[in-house]
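>>> coordinates for the following, if possible.
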Amino acid sequence: MTPVAKWLDQMPPAPPNPNPSPDEPLLALHAVSKRFVGVLALDGVSFDLRRGEVHALCGENGAGKSTLMKVLSGHYAPDTGRIVYKGRECRFSSALQAQRAGIAMIHQELNLVPHLSVAENICLAREPRRAGFIDRVRLHQRAARCLARLGVSLSTHVLVGTLPVAQQQMVEIAKALSLDAEVLVMDEPTSSLTETETRQLFLVIHELKRAGVGIVYISHRLDEMAEIVDRVTVLRDGRWISTDDFAATTVEAIVSRMVGRALGEQFPPRGPRQRSDDIVFAARGLVRRGVFGPLDFELRRGEILGFAGLIGAGRTETARAVFGADPLDDGELELAGQAITVRSPRDAIAHGIAYLSEDRKAHGLAVKMPVAHNITLARMDAVAGRGGWIRFDEEARIAQHYIDTLGIRTPHTHQIARLLSGGNQQKVVIAKWLLRESRVIFFDEPTRGIDVGAKQAIYQLLHDLAAQGIGVVLISSELPEILGLSDRVAVFHDGRITAVLDTPSTTQEEIMHFASGLSSEAQAVHH
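Next up is the predicted model:
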């Protein structure tokens with residue numbers, strides 16, 4: 001008897017189904033509601049999943065997608081409603097119980113233990129044993145097979161905390177695949193993956209479909225869904241809006257249902273923003289041995305400069321070194337034509353240089369602190385009174401100003417930051433650096449894990465910052481985003497800038513040509 005069969009055998013008896021059907025859903029949630037303090041997160045939502053299908057679950061941040069799946073996977077108990085799994089009504093009291101029943105979830109917020117190895121994370125709580133001790137050989141063999149299935153070449157001995165976000169994401173996916181689940185929930189699985197890694201994941205998804213696994217797929221990248229998705233359900237404000245065959249609808253219709261309105265052009269028009277020829281920031285001969293360099297780039301006042309390239313090409317590493325988060329071995333930095341020295345983030349901030357990390361929760365926010373504290377965190381002198389005491393009335397006034405200016409959706413200034421949606425958390429981080437009156441801002445994957453409506457708001461913010469004369473560097477793995485927002489794009493490959501291209505006269509294909517190292521030219525520049 002399989003573990004799933006044993007588990008089902010121990011379930012309380014359910015009323016027999018008088019008319020069993022081969023088309024009966026593998027999983028069905030009926031009229032599920034869930035309320036948190038002051039918030040109705042789910043309001044009578046129904047959803048079903050068939051064997052061997054990919055059912056997309058779409059909606060803006062805060063629509064209830066992740067909450068619904070956490071109810072399914074045992075993280076939350078529903079207040080009302082029913083869960084029917086394989087023809088039996090059930091309710092899971094923990095994630096472990098759901099896993100044992102054959103339901104696994106890949107979380108948007110990585111659920112890994114940083115001080116454990118890749119193998120230990122993949123097999124966590126399910127380690128192979130011999131004579132009561134963990135069998136290390138089999139542990140690493142099992143983990144290596146899971147990674148190989150994803151086409152990932154990665155040492156199973158390395159500590160997860162030392163890996164970049166993209167590789168941690170692949171470990172998270174491998175961990176879920178190792179469970180051999182019958183229901184697999186994927187919450188933003190491609191948010192930090194390269195195109196190549198995404199293609200490999202899709203091959204695995206097709207393999208799982210053929211094996212009869214039901215997959216719930218949550219993603220804001222609607223354009224990538226056509227290849228794998230069979231049906232799509234839209235949630236808005238905790239309510240069910242629609243369920244359609246994906247082939248019978250359009251991305252535009254899905255987006256309209258998600259936001260409750262039709263969306264206009266995705267990117268702000270370039271017209272109102274006038275670029276200057278003034279160089280606000282320049283990097284000369286930057287080197288971090290074994291990581292990148294030497295490389296040069298210039299940023300003009302009021303310009304958005306895109307950093308494009310494959311994962312590991314050196315884009316993030318360059319931004320972190322400029323910000324003083326990682327050491328430089330050689331090179332010079334100039335701000336408005338004057339040489340500056342940056343040995344730490346404190347030095348960078350003092351010079352008006354800001355960096356918004358791709359992992360905003362780990363490196364951009366104090367998630368357990370209120371919105372007001374987060375906004376003023378980098379400029380405590382603005383709210384300090386006599387004796388160093390914080391003037392909370394002034395802090396609240398400043399925070400409210402940025403809440404109104406940036407359209408941050410929060411009930412009040414003392415709302416805890418972790419309770420905001422991803423897009424609003426990103427706006428709080430931006431507010432922090434605006435209060436510092438930053439002259440140069442590096443945005444590292446600013447729309448990662450953010451819904452389409454919030455993306456447009458972030459795009460408009462970047463455009464407005466550049467219009468104010470701030471120099472903006474945009475690091476993004478989404479080429480349409482690079483082409484839609486930036487004025488020029490610096491293309492990275494293997495730690496070097498292989499081309500600097502004028503965005504209006506280039507294409508995704510040309511960017512990928514230089515990003516893949518296919519050009520024999522040392523550097524190409526379009527003017």
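>>> could you use CA atoms for every contact and neighbour count after this?
OK.
>>> residue ranges with poor pLDDT in the stretch 201-350 of the chain?
Where the stretch 201-350 of the chain drops to pLDDT under 70, the residues are 261-265, 270-275.
>>> L235 contacts G260, correct?
No - counting by CA atoms under 8 Å, G260 is not a contact partner of L235; they are 10.4 Å apart.
>>> between these two, which has more neighbouring residues?
Set L235 next to G260 and count neighbours by other CA atoms under 10 Å: L235 wins out with 23 against 11.
>>> any idea how far the more buried one is from S178?
30 Å (CA to CA, to the nearest Å).
>>> which phi and psi does the closest residue to P480 other than its chain neighbours have?
For P480, ignoring the flanking residues on the chain, the nearest one in space by CA to CA, 6 or more residues apart in numbering is Q508 at 7.6 Å. Q508 has phi and psi values of phi -60, psi -40 when expressed as degrees, to the nearest 10.
>>> contacts only, for Q508.
Counting by CA atoms under 8 Å, 6 or more residues apart in numbering, Q508 makes contact with L479, P480, L483.
>>> now, of these, which are buried?
Among the contacts of Q508, those scoring as buried are L479, L483 (criterion: 16 or more other CA atoms under 10 Å).
>>> and the residue nearest to P480, how far from K455?
Applying CA to CA to Q508 and K455 gives a distance of 20 Å.
>>> tell me the pLDDT of the spatially closest residue to A366 that is not a sequence neighbour.
Sequence neighbours aside, N374 is the residue nearest to A366 in space, at 6.4 Å (criterion: CA to CA, 6+ apart). Looking at N374, its pLDDT stands at 90.
>>> try the one 5 residues further on
What the model reports for R379 is a pLDDT of 81.
>>> and A41, by the same measure?
A41 carries a pLDDT value of 87.
>>> ok, it - contacts?
S33, K34, R35, G62, A63, G64, T67, D237, G238.
>>> from those, which is closest to G407?
Set against G407, the nearest of the contacts of A41 by CA to CA is G62 (15.6 Å).
>>> mind checking the SS state of the closest one?
coil (DSSP: H, G, I helix; E, B strand; the rest coil).
>>> okay, now it: neighbour count?
By other CA under 10 Å, neighbour count at G62 equals 19.
>>> any idea how far the closest residue to it other than its chain neighbours is from S66?
Distance criterion CA to CA, 6+ apart; nearest residue to G62, sequence neighbours excluded, is S421 at 6.1 Å. For S421, the distance to S66 (CA to CA) stands at 11 Å.
>>> likewise L435?
L435 is 32 Å from S66, by CA to CA.
>>> just G453 next, same as before
Taken as CA to CA, the span from G453 to S66 is 17 Å.
>>> tell me the contacts of D223?
V251.
>>> quick one: it is in a helix?
Yes - under three-state DSSP, D223 falls within a helix.
>>> ok, it to K209 distance?
For D223, the distance to K209 - CA to CA - is 20 Å.
>>> and what of V171?
21 Å.
>>> over to V472?
According to CA to CA, V472 stands 43 Å off from K209.
>>> where are the low-confidence patches of the stretch 51-200 of the chain?
Ranges of the stretch 51-200 of the chain meeting pLDDT under 70: 61, 108-109.
>>> show me where it has its helices.
Using DSSP state H, counting those that start in this stretch, the helices of the stretch 51-200 of the chain run over 65-72, 95-101, 118-122, 136-149, 165-177, 195-210.
>>> for I390, give me its contacts.
V383, A384.
>>> who does it bridge with?
Here I390 sits in beta bridges with A384, going by DSSP bridges.
>>> picking that back up, ok, the contacts of Q508 vs H412, which is closest?
Taking the contacts of Q508 together and measuring to H412 by CA to CA, the closest member is P480, at 34.8 Å.
>>> isn't there a helix covering that closest one?
Yes - assigned with three-state DSSP, P480 falls within a helix.
>>> ok, S276 - contacts?
By CA under 8 Å, 6+ apart, the contact set of S276 is R300, R301, G302, E303.
>>> how far away is the second one from L461?
This means R301. Distance, R301 to L461, by CA to CA: 16 Å.
>>> show me which of the two is the more surrounded one.
Legend: neighbour count by other CA under 10 Å for R301 and L461, higher for R301 (24 against 16).
>>> one step back: using JSON lines, lay out the contacts of S276 together with distance to V287.
Output for these, formatted as JSON lines (distance: CA to CA, whole Å):
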{"residue": "R300", "distance to V287": "22"}
{"residue": "R301", "distance to V287": "24"}
{"residue": "G302", "distance to V287": "26"}
{"residue": "E303", "distance to V287": "24"}
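>>> so which of these would you say is closest to V137?
Closest to V137, out of all of those and judged by CA to CA, is E303, at 53.2 Å.
>>> what's the distance between the closest one and I470?
7 Å.
>>> more neighbours: which of those two?
The neighbour count for E303 versus I470, taken as other CA under 10 Å, is higher for E303 (30 against 23).
>>> that one: what's it in contact with?
Neighbours of E303 in contact, by CA under 8 Å, 6+ apart: R275, S276, A466, G469, I470, G471, V472, S486, D487.
>>> from the residues you listed, which is closest to P504?
Out of those, the member with the shortest distance to P504 (by CA to CA) is D487, at 7.4 Å.
>>> list the contacts for that closest one?
D487 neighbours (CA under 8 Å, 6+ apart): E303, I304, L305, G306, D502, T503, P504.
>>> circling back: mind putting the helices of the stretch 51-200 of the chain into a markdown table with distance to Y85?
As requested, these are arranged in a markdown table below (distance: least, CA to CA, whole Å):
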| stretch | distance to Y85 |
| --- | --- |
| helix 65-72 | 10 |
| helix 95-101 | 9 |
| helix 118-122 | 26 |
| helix 136-149 | 26 |
| helix 165-177 | 19 |
| helix 195-210 | 18 |
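>>> which of these is buried the deepest?
helix 118-122 (a mean of 27; mean count of other CA atoms under 10 Å).
>>> report the distance from it to the chain centre.
21 Å (CA atoms, centre = their mean, to the nearest Å).
>>> also stretch 377-388?
Worked out by CA atoms, centre = their mean, stretch 377-388 lies 33 Å from the chain centre.
>>> buried residues, that stretch. List them.
L377, A378, R379, M380, A382, V383.
>>> check stretch 269-288 too.
For stretch 269-288, by 16+ other CA under 10 Å, it's R273, R275, I279, V280, F281, A282, A283, R284, L286, V287, R288.
>>> return the closest of those with respect to L72.
When the buried residues of stretch 269-288 are compared against L72 (criterion: CA to CA), the nearest one is R288, at 46.4 Å.
>>> right, and the closest one touches V322 too?
No - counting by CA under 8 Å, R288 sits too far from V322 to count as a contact (10.7 Å).
>>> doesn't G62 make contact with M258?
No - applying CA under 8 Å, one finds M258 not in contact with G62, separated by 11.0 Å.
>>> any idea how this protein splits into domains?
With domains defined by automatic domain parsing, the chain comprises 3-259, 267-352+438-527, 361-437.
>>> can you name the residues bridging to R300?
I279.
>>> shouldn't it be in contact with F281?
Yes - under the criterion of CA under 8 Å, R300 makes contact with F281 at 6.9 Å.
>>> what do those two both touch?
Going by CA under 8 Å, 6+ apart, residues that sit against R300 and also against F281 are G471.
>>> and the closest residue to E334 other than its chain neighbours, what element?
Excluding the flanking residues, the one nearest E334 by CA to CA, 6+ apart is A282, at 5.0 Å. Assigned by DSSP states H and E, A282 belongs to strand 279-288.
>>> for that strand, give me every contacting residue.
292-301, 327-337, 439-440, 471.
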